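Chemist: Provide a 3D model corresponding to the input given below.
(2 chains)
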Amino acid sequence: QKEVEQDPGPLSVPEGAIVSLNCTYSNSAFQYFMWYRQYSRKGPELLMYTYSSGNKEDGRFTAQVDKSSKYISLFIRDSQPSDSATYLCAMSASTLIFGTGTRLQVFP
Amino acid sequence: DGGITQSPKYLFRKEGQNVTLSCEQNLNHDAMYWYRQDPGQGLRLIYYSQIVNDFQKGDIAEGYSVSREKKESFPLTVTSAQKNPTAFYLCASRTGMNTEAFFGQGTRLTVV
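Modeler: Numbering: from 1, shown residues only, chains lettered A, B, ... in the order given. Reported below is the predicted structural model:
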């Protein structure tokens, strides 16, 4: 079993939809959680980070952590075609452990 | 501007050659990381360094070497022992454990 599981998609949604991206993890020692957005042939860009259970909101993005279930989510409201990218979750230990990424396509 | 700079953006290697990928950061971060990204496989850790003059192997270190002589620099050498080096290489840095990490724009290495 991988330490971090993430559905690779692709996930295809119409413009304006609410998108839900999820990761599960197995190591209860993880305390810091991040979401990255990666456009094709570019480096990952940090979107959100959180170190506690609950919700954190930034504009159209909301990160949610449920440590009891070992489950994290990223919600994107009013999705735009420019949100089309691969989204990576990451967990912090002595190193950074990444999910495989979910490819999102938002069509006009 | 603070950030992480990887160079070159594209690199071509002949069979049997060693090549070195550069990673420089001016964020005053202690920890630096090298990842390899292949289609459908996510990011796999090659090497990481938490402090100057110290580094540890990641999950796929065979065929790679690194050095950390300066805080701001963490070059990666892809040696001829790496049998399948064609990939997208990403460098990242952060202050320490339980802090967010930032990435460079990557180097795409192709064996010709």
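
Chemist: chain A: strands as residue ranges?
Modeler: For chain A, the strands defined by DSSP state E occupy A:4-6, A:11-14, A:19-25, A:32-38, A:45-50, A:54-58, A:61-66, A:71-76, A:85-92, A:96-98, A:102-107.

Chemist: quick check on residue B:102: phi, psi?
Modeler: The phi/psi pair for residue B:102 (degrees, to the nearest 10) reads phi -120, psi 150.

Chemist: the spatially most central residue of chain B bridge partners, please.
Modeler: In chain B, the C-alpha nearest the mean C-alpha coordinate belongs to residue B:34, at 3.1 Å (C-alpha atoms, centre = their mean). In this entry, residue B:34 is beta-bridged to residue B:47, residue B:91, by DSSP bridges.

Chemist: residue contacts, it?
Modeler: For residue B:34, the residues meeting the contact criterion (C-beta atoms under 8 Å, 6 or more residues apart in numbering or on different chains) are B:23, B:45-48, B:58, B:64, B:66, B:74, B:76, B:89-91. Using the backbone N, CA and C atoms, a C-beta is placed for each residue, glycine as well.

Chemist: change it to 7 Å
Modeler: B:46, B:47, B:66, B:76, B:89, B:91 (C-beta atoms under 7 Å, 6 or more residues apart in numbering or on different chains).

Chemist: redo the strands of chain A as CSV? Include mean neighbour count and mean pLDDT.
Modeler: CSV is the format used below for those (neighbours: other C-beta atoms under 10 Å in any protein chain shown; pLDDT from 0 to 100):
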stretch, mean neighbour count, mean pLDDT
strand A:4-6, 19, 93
strand A:11-14, 14, 96
strand A:19-25, 19, 97
strand A:32-38, 23, 96
strand A:45-50, 18, 94
strand A:54-58, 12, 92
strand A:61-66, 18, 96
strand A:71-76, 20, 96
strand A:85-92, 24, 95
strand A:96-98, 22, 91
strand A:102-107, 17, 96
